[in-house]
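**Q** what follows is a predicted protein model with its sequence.
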Amino acid sequence: VQLVESGGGLVQPGGSLRLSCAASGFTFSSYAIGWARQVPGKGLEWVSGIYRDGSTYYTDSVKDRFTISRDNAKNTVYLQMNSLKPEDTAVYSCATNEGTGWGTRDFGSWGQGTPVTVPS
């Protein structure tokens, strides 16, 4: 399994970024997949996820600001992040979901991540 993220960077509050994750080494369309973030001293937490059928999950703090999508033909998952806030600062990784929900036990494989910085 290989997951390679891109698209992170420094953005001012209220700005937008689009993250991309290119997946390989597994049957992409067969898996739920999502985006998680990590800040120093804390564990990985799910931000958003998308099931095989296209239904989605968002953690409360990003609802109405972030949008997840997937392109099974390109083996790629995206995260459109709008109205970014300083508290969104973290390293964002895409991850496969090998459980039944979006908790810490549901992580499968994840990538190295791409940093997102929103200064206060």
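**A** All right, it came through fine.
**Q** least confident secondary structure element in this protein?
**A** strand 107-110 (a mean of 93; mean pLDDT, DSSP states H and E).
**Q** partner strands of that strand, parallel or antiparallel?
**A** strand 90-97 (antiparallel) (DSSP bridges).
**Q** and the strand it pairs with, how far out from the chain's middle?
**A** 5 Å (CA atoms, centre = their mean, to the nearest Å).
**Q** do stretch 37-48 as well
**A** Centroid displacement of stretch 37-48 relative to its chain, using CA atoms, centre = their mean, is 10 Å.
**Q** show me what counts as buried in that stretch.
**A** Neighbour counts using 16 or more other CB atoms under 10 Å place 37, 44, 45, 46, 47, 48 of stretch 37-48 among the buried residues. For every residue, glycine as well, the C-beta is placed using N, CA and C.
**Q** excluding covalently adjacent residues, which one is nearest to the fifth one?
**A** Same thing as residue 47. Among residues not flanking residue 47 along the chain, residue 35 sits closest, at 4.8 Å (CB to CB, 6 or more residues apart in numbering).
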